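Q: Model the following, please.
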Amino acid sequence: MAAMTAVVSRQPCASTLVASPNLDFRRHMVETLRASRWPVGEASGGAEALAQMEVQECQILLLDSWLPDLDVMELVGMVRERYPGVAVYVVDSASAVPLVSEEPEGRSHRPAILNLLQSLRPQQPAAAPDALTALAAPPPSVATPEPAPAPIAVPAPAPQEEEPLPDMIGSSSAMQQVYRLARLVAPRNTTVLIMGDTGTGKELVARALHLVGPRAQQPFITVNCAAIPEPLLEAELFGYARGAFTGAFQSRAGRIHSAHGGTLFLDEVGELALSMQAKLLRFLQAGEVQRLGSSDVVQVDVRVIAATNADLAERVREKAFREDLYYRLSVFPIQIQPLRRRQEDILLLSSYFLRAFCQESNVPVKGISAAARSVLEQHPWFGNVRELQHVIERAFILSEDNPEILAEHISLNALHLNTG
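A: So this is what the prediction gives:
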């Protein structure tokens with residue numbers, strides 16, 4: 001430990017971020033760095049790490065080799081592109097062995113980092129090389145293998161049940177991840193990109209983010225980018241001054257201005273035309289709105305949440321979506337899995353919808369027969385939660401006075417019956 005302190009004292013003071021779901025490893029790293037007077041922050045996943053890097057300086061990023069939300073090497077690539085001055089280390093948290101090193105040219109924190117990791121492996125002989133040193137050194141002249149580093153006893157964190165977001169139903173691991181990420185980012189002004197198939201409930205997540213955040217009492221304004229014709233969308237978003245175009249008899253504030261103090265939800269943002277993408281990017285960068293036909297610029301305080309069912313990364317490669325806008329929107333991505341990958345949520349949602357229809361019609365709450373439950377669980381649900389809701393509504397109507405939904409009451413979309 002003394003050797004590590006000597007090396008660290010010669011290094012410039014660095015802002016370090018430790019990202020790992022392994023709570024014991026993360027705390028050990030943070031405590032050791034703070035003891036050496038290094039400014040340090042911590043994150044439990046990749047998305048949270050990106051959100052922290054958006055709002056505070058970071059010189060060194062220590063990443064666990066496994067993260068619960070993002071692919072580690074994809075995250076390394078994102079950091080390299082967005083923050084080229086940040087040194088990135090990928091570490092196996094079970095053994096404290098560094099696996100990958102990405103450092104900016106002319107700056108190296110490697111000796112201090114290696115000594116820091118060495119301090120977490122007290123049983124390892126001093127002569128045993130770490131993974132980075134072994135990769136850089138020539139092969140040994142003898143065939144005797146070096147002793148493997150002794151793993152430190154770091155138990156994996158026990159999973160905790162997340163409280164569902166407002167108006168959301170689901171207990172699957174995929175939904176638990178959505179709840180966790182949403183609650184992490186809700187208190188911040190970080191831009192969020194919600195991704196998922198049509199009918200998965202992207203707007204519900206956006207509204208929940210607004211409701212559990214500090215802007216809950218302020219406006220929540222929705223703009224469906226696919227539903228408004230391109231010639232009208234700029235006026236809808238930014239507003240217009242009197243006389244700006246034929247028919248503009250009076251000035252009007254746009255939806256961005258209407259969301260001042262609250263949240264602007266851009267649904268189906270992947271459908272924006274390239275010309276509108278450029279104008280939206282200027283707003284996101286400066287936080288300013290200029291109405292059509294006016295020279296006045298108004299500063300607005302708006303938290304932006306976007307949603308898409310498109311693969312925006314693929315659209316960037318196809319030159320159909322601006323790369324700079326993609327990175328601006330995807331600061332904190334949240335992926336919603338399709339219902340066919342959330343089997344344990346199907347019956348929960350079915351019962352919720354059925355109970356709501358019964359209450360709406362002022363009839364006793366119906367049950368769902370075992371045969372009907374089997375039919376529901378075996379259907380692929382390519383229309384996701386929205387399709388399930390419609391199927392339950394039809395079944396409720398067809399059941400008439402029957403106290404429960406039977407298999408024959410369930411009318412499934414013929415388009416999907418023969419789909420594997």
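
Q: Skipping its backbone neighbours, what lies nearest R342 in space?
A: Excluding the flanking residues, the one nearest R342 by Cβ to Cβ, 6 or more residues apart in numbering is S172, at 4.2 Å. Every C-beta, even on glycine, is put in place using the N, C-alpha and C of the backbone.

Q: ditto for L354
A: Distance criterion Cβ to Cβ, 6+ apart; nearest residue to L354, sequence neighbours excluded, is I392 at 5.4 Å.

Q: Distance check, the one you found against A208.
A: 22 Å (Cβ to Cβ, to the nearest Å).

Q: got it, and N309?
A: As judged by Cβ to Cβ, N309 and A208 stand 18 Å apart.

Q: quick one, which of the two is more surrounded?
A: For N309 and A208, the more surrounded residue by other Cβ atoms under 10 Å is A208, and the numbers stand at 21 against 18.

Q: Quick one: residues contacting the more buried one.
A: Taking Cβ atoms under 8 Å, 6 or more residues apart in numbering as the contact definition, A208 lies against 165-168, 182.

Q: measure it to A227 for me?
A: 22 Å.

Q: again, but for G254
A: For G254, the distance to A227 - Cβ to Cβ - is 16 Å.

Q: More neighbours: which of the two?
A: When G254 and A227 are compared for neighbours, G254 comes out ahead with 24 against 10, by other Cβ under 10 Å.

Q: Would you confirm that the more buried one contacts L233?
A: No. Proximity of G254 to L233 does not meet the contact threshold set by Cβ atoms under 8 Å, at 10.0 Å.

Q: Need the overlap of contacts for the two.
A: Common neighbours of G254 and L233 are not found (criterion: Cβ under 8 Å, 6+ apart).

Q: residues near V391, how many?
A: 23.

Q: May I see the buried residues of the helix or strand hosting R80?
A: For R80, the host element (DSSP states H and E) is helix 72-82. For helix 72-82, burial by neighbour count (16 or more other Cβ atoms under 10 Å) applies to 72, 75-76, 78-79.

Q: what does stretch 263-281 give?
A: Neighbour-count burial for stretch 263-281 [16+ other Cβ under 10 Å]: 263-272, 276-277, 279-281.

Q: One more: stretch 340-352?
A: Those would be 342, 345-346, 349-352, for stretch 340-352 by 16+ other Cβ under 10 Å.

Q: ok, of these, which one's closest to H28?
A: R342 (34.8 Å; Cβ to Cβ).

Q: was I right about that closest one contacting M175?
A: Yes. If you go by Cβ under 8 Å, R342 and M175 touch, sitting 6.5 Å apart.

Q: all helices of the stretch 151-300 of the chain, in order?
A: For the stretch 151-300 of the chain, the helices defined by DSSP state H, counting those that start in this stretch occupy 173-185, 202-211, 230-238, 255-258, 274-286.

Q: what sits against the closest residue to P380 other than its chain neighbours?
A: Once flanking residues are discounted, P380 sits nearest to R340: 5.0 Å by Cβ to Cβ, 6+ apart. Neighbouring residues of R340 by Cβ under 8 Å, 6+ apart: 380-382.

Q: Any chance of a markdown table for the contacts of A208, columns distance to L388, pLDDT and neighbour count?
A: Output for those, formatted as a markdown table (distance: Cβ to Cβ, whole Å; pLDDT from 0 to 100; neighbours: other Cβ atoms under 10 Å):
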| residue | distance to L388 | pLDDT | neighbour count |
| --- | --- | --- | --- |
| L165 | 18 | 86 | 22 |
| P166 | 20 | 85 | 13 |
| D167 | 16 | 85 | 11 |
| M168 | 14 | 89 | 16 |
| A182 | 22 | 91 | 22 |
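
Q: Cross these against strands and list the overlap.
A: For the contacts of A208, not one is inside strands, with DSSP state E as the criterion.

Q: now the strands for the stretch 201-350 of the chain?
A: With DSSP state E, counting those that start in this stretch, the ranges of strands along the stretch 201-350 of the chain come out as 220-224, 239-240, 252-253, 263-267, 288-290, 297-299, 303-308, 332-335.

Q: tell me the angle of the top helix by length along the chain relative to helix 173-185?
A: Scanning the chain for the longest helix, with DSSP state H as the assignment, gives helix 343-360. Counting by axes from the mean of the first three to the mean of the last three Cα atoms, to 10 degrees, helix 343-360 lies at 80 degrees to helix 173-185.

Q: got a list of contacts for helix 343-360?
A: Defining contact as Cβ under 8 Å, 6+ apart, one finds that helix 343-360 is touched by 169-172, 175, 339, 364-366, 368, 373, 376-377, 381, 385, 388-389, 392-393, 395-396, 405.

Q: What subset of the residues you listed is buried?
A: 169-170, 172, 175, 339, 366, 368, 373, 376, 381, 385, 388-389, 392, 395-396, 405.

Q: mind listing which of those residues are in helices?
A: 175, 373, 376, 385, 388-389, 392, 395-396.

Q: any chance of those in CSV, plus pLDDT and distance to R215?
A: As requested, those are exported to CSV (pLDDT from 0 to 100; distance: Cβ to Cβ, whole Å):
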residue, pLDDT, distance to R215
M175, 91, 23
R373, 94, 40
L376, 95, 37
V385, 93, 26
L388, 95, 31
Q389, 94, 28
I392, 96, 33
A395, 95, 38
F396, 95, 36
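
Q: The residues you listed into a markdown table, with extra columns for distance to V90?
A: As requested, these are exported to a markdown table (distance: Cβ to Cβ, whole Å):
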| residue | distance to V90 |
| --- | --- |
| M175 | 28 |
| R373 | 44 |
| L376 | 42 |
| V385 | 36 |
| L388 | 40 |
| Q389 | 43 |
| I392 | 46 |
| A395 | 50 |
| F396 | 52 |
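
Q: where's L211 relative to D92, distance?
A: According to Cβ to Cβ, L211 stands 39 Å off from D92.

Q: got it, and W66?
A: In this view, W66 and D92 are 9 Å apart by Cβ to Cβ.

Q: can you check N362 too?
A: 60 Å.

Q: These two: who's more crowded?
A: A count of neighbours by other Cβ under 10 Å puts D92 above the other of N362 and D92, at 17 against 6.
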